[in-house]
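Undergrad: Attaching a predicted model along with its sequence, questions to come.
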Amino acid sequence: MAEKVAENGEQKRFYLETFGCQMNVHDSERVAGTLVSRGYTAVGTMQEADLILFNTCSIRDKAAQKVFDRLANFKALQKQGKKFGVLGCVAQQEGEAIFKRAPHVSLVVGSASYARLPELIAQLENGETKVTGLEAATDEAFETEYTRRDHPFRAFVTIIEGCDKHCAYCVVPFTRGKERSRTSASVLTEIRHLVELGYSEVQLLGQNVNSYRDPSPAGLSFAELLAAAGAVPGVERVRYTTSHPRDFTPEIVRVMGENPVLCDHVHLPVQSGSNDVLRRMLRGYTREHYLGIVDGIRACARPLALTTDIIVGFPGETDRDFEETAELMHEVHFNSAFIFKYSPRPNTEAGTWPDDISEEVKAQRFAILQERQQAMQAEDNQAHVGATMKVMVEAFHPKLAQWAGRSSSNRVVNFTPMPALDVLGQPGALRPGGYAQVRITKAGPNSFVGQQVN
Ligand code: SAH
Ligand code: SF4
Ligand code: F3S
């Protein structure tokens with residue numbers, strides 16, 4: 001590929017930093033691929049780069065603020081002629097206001113406009129100083145022409161973009177637009193192609209994968225798409241994220257029970273255990289409905305790990321509401337939980353209500369749940385000591401002489417390779433992306449330690 005050479009005769013280099021969820025991680029792969037196809041080279045530090053990009057997240061105030069804090073410190077770099085771009089959800093949300101708040105930024109692009117990146121980069125190269133790609137998030141181009149995948153063996157595949165749920169606290173419908181599903185043929189073709197390229201794990205992505213509706217005449221439901229993805233020859237693992245309880249069907253559990261290629265993990269954010277809070281969050285389900293889904297998951301033909309997201313300190317959350325969340329967590333025994341302090345967001349319905357739970361109470365509630373969850377995990381994970389897990393190998397840690405990888409249920413497993421494989425003092429036949437059977441010898445709250453077995 002021809003290298004892009006700047007007027008001063010040097011090759012153009014970009015630095016790209018990603019904040020936020022897996023959808024952003026995957027978008028960054030698309031952005032990087034587009035830049036590389038235009039002759040840019042990725043570099044690891046801002047100092048080395050000509051173009052500095054932040055792919056941003058605005059899910060909570062802190063996430064958005066972090067971006068502006070970073071941008072505030074770059075006057076010196078700007079004097080060296082470097083260009084700055086803000087991409088992603090903060091870009092979509094704040095739009096051209098970013099040029100005012102951070103005047104050295106010359107590119108603002110929301111996630112719906114990455115298909116136009118080549119054109120926008122050309123404008124930037126021509127010296128334009130306020131280049132924007134801020135179309136309403138409705139485009140149906142799920143992939144850019146070029147994707148530079150960061151992970152050599154785990155590949156993200158977008159199946160649905162946007163979200164129509166409008167939970168009262170959430171910016172995603174504003175930053176990612178309306179729901180658009182991708183045709184099942186396009187998804188399955190990409191998975192087959194990824195297998196040919198050597199990927200063994202595929203992760204289906206969407207803010208709400210359960211509301212996937214195949215727009216083609218094939219008309220697959222999410223459960224049917226999942227089954228079809230798991231049946232692609234050569235694919236070893238299929239994960240998906242994120243599920244919404246309102247659209248989560250028993251069919252999904254049945255399909256997961258039938259095919260071990262479908263990873264034994266469901267991430268099902270509950271957000272709160274209080275019906276009153278759930279109602280005001282506009283989540284569209286009750287505590288009882290959620291617990292019914294959990295019963296279904298527990299009755300699956302294979303054991304499935306279950307993880308969740310929780311928000312504490314939502315407006316009007318009483319001590320009793322909070323206790324109901326704590327009780328639900330105890331009742332379900334999640335394998336892991338991401339706990340967040342409520343943060344009012346622009347445009348959202350709850351953003352117009354008083355943020356009436358003090359920071360102190362939010363912090364207290366957060367700490368209580370965090371501590372109880374860690375204690376439950378530490379105890380529950382002991383049950384796996386002595387069990388054997390199939391681990392996808394990710395990286396070797398020379399200091400510990402251990403490999404790290406993940407089980408099908410997405411748990412981190414650090415393990416010692418079989419000595420027989422280690423004849424040259426090398427980690428033997430193991431390689432990132434390969435698989436090993438590991439007997440668990442120790443369990444912590446967040447990871448396992450084990451020994452490779454035959
Ligand atoms: N689409 C997914 C979640 C997307 S955001 C779903 O519907 O579950 C990831 C998590 O961030 C959410 O599950 C929620 O727990 C948290 N979150 C979203 N908006 C938030 C806000 N305003 N304040 C605090 N946490 C929030
Ligand atoms: Fe946000 Fe709710 Fe959509 Fe999830 S389902 S992305 S929490 S609006
Ligand atoms: Fe953040 Fe946007 Fe994802 S707001 S969580 S990066 S969809």
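TA: Now that the structure is in, tell me what you want to look at. Ligands and ions are numbered 1, 2, ... in the order given.
Undergrad: for stretch 23-37, the distance to its chain's centre please.
TA: Stretch 23-37 sits 14 Å away from the centroid of its parent chain (CA atoms, centre = their mean, to the nearest Å).
Undergrad: Spell out whether it and ligand 2 are in contact.
TA: No - judged by CB under 6 Å from any ligand atom, stretch 23-37 and ligand 2 are separated, with a smallest distance of 9.9 Å. (Glycine included, C-beta is placed from N, CA and C.)
Undergrad: State the distance spanning the first to the last residue of stretch 418-430.
TA: End-to-end distance for stretch 418-430, by CA to CA, to the nearest Å: 10 Å.
Undergrad: Does ligand 1 have contacts with the helix ranked longest in the chain?
TA: Longest helix in the chain by number of residues (criterion: DSSP state H): helix 359-381. No - contact of helix 359-381 with ligand 1 (CB under 6 Å from any ligand atom) is absent, the minimum separation being 9.7 Å.
Undergrad: Which strand or helix spans residue 228?
TA: Secondary structure assigned from DSSP states H and E places residue 228 in helix 222-230.
Undergrad: CA atoms only for that helix - export them in PDB, please.
TA: Output of helix 222-230 as PDB, limited to C-alpha atoms (Å, rounded to 0.1, in the frame of the first residue of the first chain):
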ATOM      1  CA  PHE A 222     -31.600 -12.800  17.600                       C
ATOM      2  CA  ALA A 223     -31.800 -16.400  18.900                       C
ATOM      3  CA  GLU A 224     -31.900 -17.700  15.300                       C
ATOM      4  CA  LEU A 225     -28.900 -15.500  14.400                       C
ATOM      5  CA  LEU A 226     -27.000 -16.700  17.400                       C
ATOM      6  CA  ALA A 227     -27.700 -20.400  16.500                       C
ATOM      7  CA  ALA A 228     -26.600 -19.700  12.900                       C
ATOM      8  CA  ALA A 229     -23.400 -17.900  14.100                       C
ATOM      9  CA  GLY A 230     -22.600 -20.900  16.400                       C
END
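Undergrad: can it be found next to ligand 1?
TA: No - Helix 222-230 lies out of reach of ligand 1 by CB under 6 Å from any ligand atom, never closer than 13.9 Å.
Undergrad: Only the buried residues of the very next helix or strand once past the longest helix of the chain, if you could.
TA: Next helix or strand after helix 359-381 toward the C-terminus (DSSP H and E): strand 388-397. Residues 389-394, 396 are the ones in strand 388-397 that count as buried (16 or more other CB atoms under 10 Å).
Undergrad: So in that sheet, which strands flank strand 388-397, and in what orientation?
TA: Note on strand 388-397: by DSSP bridges, its sheet partners are strand 402-407 (antiparallel), strand 435-443 (antiparallel).
Undergrad: Write out the residues of the protein neighbouring ligand 1.
TA: By CB under 6 Å from any ligand atom, the residues of the chain that approach ligand 1 are 59-60, 169-170, 172, 207-208, 242, 244, 269, 271, 309, 311, 340, 342-343, 345.
Undergrad: Out of those, name the ones that lie in strands.
TA: If you go by DSSP state E, the residues of the chain next to ligand 1 have 309, 311, 340 in strands.
Undergrad: could I get the buried residues of strand 388-397 as TSV with pLDDT?
TA: Formatted as TSV, the buried residues of strand 388-397 follow (pLDDT from 0 to 100):
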residue	pLDDT
389	96
390	96
391	96
392	94
393	93
394	91
396	90
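Undergrad: As CSV, these with distance to residue 258 would be great.
TA: Output for those, formatted as CSV (distance: CB to CB, whole Å):
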residue, distance to residue 258
389, 20
390, 18
391, 23
392, 21
393, 26
394, 27
396, 34
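Undergrad: Closest to residue 431 out of those residues?
TA: Residue 431 lies nearest to residue 393 out of the buried residues of strand 388-397, by CB to CB, at 6.7 Å.
Undergrad: Please tell me how far the closest one sits from residue 441.
TA: To residue 441, residue 393 is 17 Å away according to CB to CB, to the nearest Å.
Undergrad: Over to residue 335?
TA: Relative to residue 441, and taking CB to CB, residue 335 is found at 19 Å.
Undergrad: ok, those two, which is more surrounded?
TA: Higher neighbour count among residue 335 and residue 441: residue 335, with 21 against 13, using other CB atoms under 10 Å.
Undergrad: What residues does the closest residue to the more buried one other than its chain neighbours make contact with?
TA: Distances taken as CB to CB, 6 or more residues apart in numbering place residue 305 nearest to residue 335, at 4.3 Å, with adjacent residues excluded. Neighbour list for residue 305: 264-266, 335, 409-411 [criterion: CB atoms under 8 Å, 6 or more residues apart in numbering].
Undergrad: Keep only those of those that are in strands.
TA: 265-266.
Undergrad: Give the buried residues for the worst-scoring helix or strand of the chain on mean pLDDT.
TA: In the chain, the helix or strand scored least confidently by mean pLDDT, DSSP states H and E is helix 75-79, which has a mean of 77. Residues of helix 75-79 classed as buried: 77-78 (neighbour count, 16+ other CB under 10 Å).
Undergrad: repeat for stretch 247-258
TA: Buried, per 16+ other CB under 10 Å, within stretch 247-258: 247-248, 252-253, 255-257.
Undergrad: Could you do stretch 194-203 as well?
TA: Buried-residue list, stretch 194-203, by 16+ other CB under 10 Å: 194-195, 199-203.
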